[in-house]
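Enquirer: Sequence and predicted model, in that order:
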Amino acid sequence: MQNFRLGVVLCAAGRSSRMGGTDKIDYMLGGKPVHRWAAECLLAYPQTTELALVVPAEKLDAFAALYAGDARVTVCAGGATRQESVANGVRVLGEVDLIAVHDGARPFLRPELIDAVCCAALEVGGAIPAMPVTDTIHVTRDGLAVATPERGALAAAQTPQIFRREIMLEVLRRVEEEHLTVTDDCSAVVACGYDCRIVPGSADNMKITSPSDLARAERIAAAFLA
């Protein structure tokens, strides 16, 4: 394993608006809340030196108490958008070599995936895990299909998305100054002219976004704990 320092931004500031009243970050899976699953895996990774946990402002004290036992963890408030929340998390990290951004609602992270993405980011500057797209995807306009991209050229992005610190800082500066609208950190990095390698993702690395995801999450949690 290469010697480097990994800083993590764990995004848990969402409002769970599609969860029908369930707070997905606090939802209990296998005896612990969703946010604990990813946090524990990321903190157990040997190269992790810092973790910024980004949460809603009204939950700062509660989360700070939960993670008070680990000096590597800093809890900070999220912003109005995911981009702002990521920037807030990056600002509290110190001198690290790589910065990883991970969705707190993706609980089933494995160290092998973290390592694969880190190694690729060290090599080319940035990397993300992604899964092949199995459905046919149509581009639509005004309710009509207007184009059908080649399925083999598409990949469904996951997290952690990991970048060299100097690249991440430059991209965040440009996103803010140029008012760029991006859907994830990879798209921001690519829009700013940097390379981002695709690493094979994991089918277990799901994101909980709606109540229908909870049954699958329960099954994966049981398998992880078996």
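Expert: Happy to help now that I have it.

Enquirer: what's the neighbour count on the nearest residue to residue 77 once chain neighbours are set aside?
Expert: For residue 77, ignoring the flanking residues on the chain, the nearest one in space by Cβ to Cβ, 6 or more residues apart in numbering is residue 57 at 4.1 Å. All C-beta atoms are positioned from the backbone trio N, CA, C, and that covers glycine. For residue 57, the tally of surrounding residues (other Cβ atoms under 10 Å) stands at 10.

Enquirer: and the gap between residue 209 and residue 34?
Expert: 12 Å (Cβ to Cβ, to the nearest Å).

Enquirer: hmm, back to that, tell me if I'm right that the residue nearest to residue 77 and residue 80 touch.
Expert: No - the criterion here is Cβ atoms under 8 Å, and residue 57 misses it with residue 80 at 10.9 Å.

Enquirer: What residues of stretch 105-124 count as buried?
Expert: Within stretch 105-124, the residues scored as buried using 16 or more other Cβ atoms under 10 Å are 105-109, 113-122.

Enquirer: what's the answer for stretch 44-56, then?
Expert: In terms of neighbour count (16+ other Cβ under 10 Å), stretch 44-56 has its buried residues at 45, 47, 48, 49, 50, 51, 52, 53, 54, 55, 56.

Enquirer: ok, back up a step: okay, residue 209 and residue 34: which has more neighbours?
Expert: Using other Cβ under 10 Å, the more surrounded residue of residue 209 and residue 34 is residue 34, with 24 against 15.

Enquirer: So that one sits against residue 108, correct?
Expert: No - look at residue 34 against residue 108 with Cβ under 8 Å: they stay out of range, at 9.9 Å.

Enquirer: Need the overlap of contacts for those two.
Expert: residue 217 (Cβ atoms under 8 Å, 6 or more residues apart in numbering).

Enquirer: Quick one, grab the pLDDT at residue 133.
Expert: Note on residue 133: pLDDT of 93.

Enquirer: so what's it up against?
Expert: Here residue 133 is in contact with 151, 154, 155, 156 (criterion: Cβ under 8 Å, 6+ apart).

Enquirer: nearest to residue 24, of these?
Expert: residue 156 (19.2 Å; Cβ to Cβ).

Enquirer: who touches the closest one in this structure?
Expert: Going by Cβ under 8 Å, 6+ apart, residue 156 touches 130, 131, 132, 133, 201.

Enquirer: and the helix or strand the first one falls within, which strands flank it?
Expert: In this assignment (DSSP states H and E), residue 130 forms part of strand 126-132. Paired with strand 126-132 in the same sheet, following DSSP bridges, are strand 155-157 (antiparallel), strand 161-164 (antiparallel), strand 197-200 (parallel).

Enquirer: Figure out how far the first one is from the centre of its chain.
Expert: Think strand 155-157. The chain centroid and the centroid of strand 155-157 are separated by 13 Å under Cα atoms, centre = their mean, to the nearest Å.
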